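# model this:
(one chain, ligands or ions: 1)
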Amino acid sequence: MVASAAPFSILDPTCIIDRMEGMPIFDGHNDTLLSLHLPNRGEGRDFFARSDLGHLDLPRARDGGFGGGFFACYVPNPEDERTEESALIPTETGYEVADAPPLDPTYARGFAEKLAQMLFGIESESGGQLRVIRTADELELCLGDGVLAAVLHFEGAENLGPDPEALEAHYEMGLRSLGLVWSRPNAYAHGVPFRFPSSPDTGPGLTSAGRELVRECNRLGVLLDLSHLNEHGFWDVAGMTEAPLVATHSNAHALCPASRNLTDEQLDAIRDSDGMVGVNFAVGFLRKDGAEEEETPVETVVRHVDYLADRIGVERVGFGSDFDGAKVPCDIGDASGLPYLISALRARGYDDAALKKLTHENWVRVLRKVWRR
Ligand SMILES: [Zn+2]
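Have a look, this model is predicted:
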C-alpha cells in the first residue's frame, strides 16, 4: 500500500458517507459499557441518545458507519477509577504507570457481569437495532441488515471469578472473546504495564492455570485476545493455541515503541497463524513520541495501517478503536468521525476491495475460523 504514495487529503465529508456503502466498520475494542456505567465517565449519558461525551452511542455509530464491535467488560480497581491508558507518570524519555495490583476475582466477576447485563439490557431495549452476536453468520447478517453487532468481551480472565471452569457458563451466556489479562497480573498470566519507551517483554509468561484456560478457549471456540499480554505470555499462547493469533487493539512497535504495541516478530507470528491486528486509535500507541496529545493527525492511524498491511498483509488488519477507553486523534473525535479515517485511507490508495477487508471482512473471516460457526 505504501507504493501508491498519494498525498494525504481529506475529502468533502458529505461525499464520504455515500462512498462507505457496503463497508460497515466492525471494530475490535470499545470501553463504552464502562463509560456508561461509571457516573464520572459517562456522566449519565444513554446509549440511545446522542451525546458529546465519550465516543460511542447509537446515533453517532449510525453517523459514522460503525456497524458493531467488541464491547469490553473491563473492571477498574475499586479504589481507583482510572481506566486503560490514563494515570501516566512522566519519565525523562516518556512515561510509565505504577503497576496495577491484581483484582479480587469475586469482585471482578460481579463487576464484569454487571457490565455484561448492561449490554444485554441495551440489546433488549434496542428494538432490534443492536444484537449480541455469537456466530460469524449472525455477524454477517447484522452487518448486511444495518443491525449493530456486539461481541461480548471480557478484558481479563479474573472476570470469570475464582473458578476458571466458569468459562463455559459465560460462553453459554454469550461470551465469545476473552483477554487472559488486562495490564496487570492475575492467576493466568501477566499483563504488560503501560510504559514508553519499552519492550513488551516485561515479565513472566502464562501460569499452568493460564495454559489450561487457553485449551478451554480452543475447545469452546472463544477468541483469545493477545492485546495487554506481555511478550512472554504472547509466545506461550502462540506455542500452544490451535486458533489464529489476534490482538484486538494494538499497534506496531516499530512506529511507536509503547509496551502495549507489537514487535515485528510478534506481527510475523500473527501473519503465520492467519490471525489479525485491530489498529488502536489511542494517540499514545500511535505517535512516535508516545504523547497523549489529541492534536494527532488521522494520517498517524493510516501509517500504522500501512506498516501492518506491508508486514502481515492487508487481509490481516482491521480496526480496534479503543473508543471510550482512550484519547483518540481529534480528526476522528468519536464514532461519527470514522468516515474521515476511511477517506484518509482512500486518499492513501486503498481501493474499495481493500477498504472492505479493513472495515469488516477480515474480522468476519478470523471470527468464523476462531468460533468455527
Ligand atoms: Zn484495552
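
# please make it C-alpha for all contacts and neighbour counts, starting now.
Fine.

# which parts of the stretch 201-350 of the chain are helices?
Secondary structure of the stretch 201-350 of the chain (DSSP state H, counting those that start in this stretch): helices at 208-220, 231-240, 264-272, 283-286, 299-312, 338-348.

# from the chain's centre, how far out does the last one sit?
Computed by C-alpha atoms, centre = their mean, to the nearest Å, the separation of helix 338-348 from the middle of its chain amounts to 19 Å.

# check which helices and strands the next helix-or-strand element following it sits against.
Remark: after helix 338-348, the chain's next helix or strand is helix 352-356, criterion DSSP states H and E. Applying 3 or more C-alpha pairs under 8 Å, 6 or more residues apart in numbering; DSSP states H and E, one finds that helix 352-356 makes contact with helix 338-348.

# which helices and strands does the helix it packs on pack with?
helix 13-19, helix 299-312, helix 352-356.

# ok so, going back, mean pLDDT added to the helices of the stretch 201-350 of the chain, as CSV?
Converted to CSV, those look like this (pLDDT from 0 to 100):
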stretch, mean pLDDT
helix 208-220, 97
helix 231-240, 98
helix 264-272, 98
helix 283-286, 98
helix 299-312, 98
helix 338-348, 97
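
# what's stretch 293-300 in contact with?
Identification of contacts with stretch 293-300 by C-alpha atoms under 8 Å, 6 or more residues apart in numbering yields 8, 283-284, 286-287, 327-332, 340-341, 344.

# where along this structure do the strands fall?
25-30, 66-73, 89-90, 95-96, 130-132, 148-155, 175-179, 195-196, 223-225, 246-247, 276-279, 317-319 (DSSP state E).

# switch the ones you listed over to CSV; also include distance to residue 51.
Compiled in CSV, the strands of the chain are given as follows (distance: least, C-alpha to C-alpha, whole Å):
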stretch, distance to residue 51
strand 25-30, 16
strand 66-73, 16
strand 89-90, 30
strand 95-96, 31
strand 130-132, 18
strand 148-155, 18
strand 175-179, 28
strand 195-196, 32
strand 223-225, 30
strand 246-247, 29
strand 276-279, 25
strand 317-319, 23
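
# now those strands as JSON lines including mean neighbour count?
Output for the strands of the chain, formatted as JSON lines (neighbours: other C-alpha atoms under 10 Å):
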{"stretch": "strand 25-30", "mean neighbour count": "29"}
{"stretch": "strand 66-73", "mean neighbour count": "27"}
{"stretch": "strand 89-90", "mean neighbour count": "12"}
{"stretch": "strand 95-96", "mean neighbour count": "18"}
{"stretch": "strand 130-132", "mean neighbour count": "23"}
{"stretch": "strand 148-155", "mean neighbour count": "26"}
{"stretch": "strand 175-179", "mean neighbour count": "24"}
{"stretch": "strand 195-196", "mean neighbour count": "25"}
{"stretch": "strand 223-225", "mean neighbour count": "25"}
{"stretch": "strand 246-247", "mean neighbour count": "28"}
{"stretch": "strand 276-279", "mean neighbour count": "30"}
{"stretch": "strand 317-319", "mean neighbour count": "29"}
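
# closest to residue 270 out of the contacts of stretch 293-300?
Comparing those against residue 270 with C-alpha to C-alpha places residue 286 closest, at 19.4 Å.

# returning to that earlier point: looking at the helices and strands packed on helix 338-348, which is closest to residue 368?
Comparing those by C-alpha to C-alpha, helix 352-356 comes nearest, at 16.5 Å.

# can you pull the buried residues of the closest one?
The neighbour-count check on helix 352-356 (16 or more other C-alpha atoms under 10 Å) flags 354, 355, 356 as buried.

# and for that helix, what are the contacting residues?
22, 23, 314, 315, 342, 345, 346.

# distance of the fourth one relative to residue 275?
Yep, that's residue 315 we're talking about. To residue 275, residue 315 is 9 Å away according to C-alpha to C-alpha, to the nearest Å.

# neighbour count winner among these two?
residue 275 (25 against 21; other C-alpha atoms under 10 Å).

# and the more buried one, its phi and psi?
phi -90, psi -150 (degrees, to the nearest 10).

# could you pull up the residues touching it?
Applying C-alpha under 8 Å, 6+ apart, the residues contacting residue 275 are 244, 245, 246, 316, 366.

# give me the number of residues near residue 163?
10.

# start the count at 22 instead of 1 going forward.
Okay, using 22 as the starting number, the last item reads as residue 184.

# quick one: contacts for it?
No contacts exist for residue 184 under C-alpha under 8 Å, 6+ apart.
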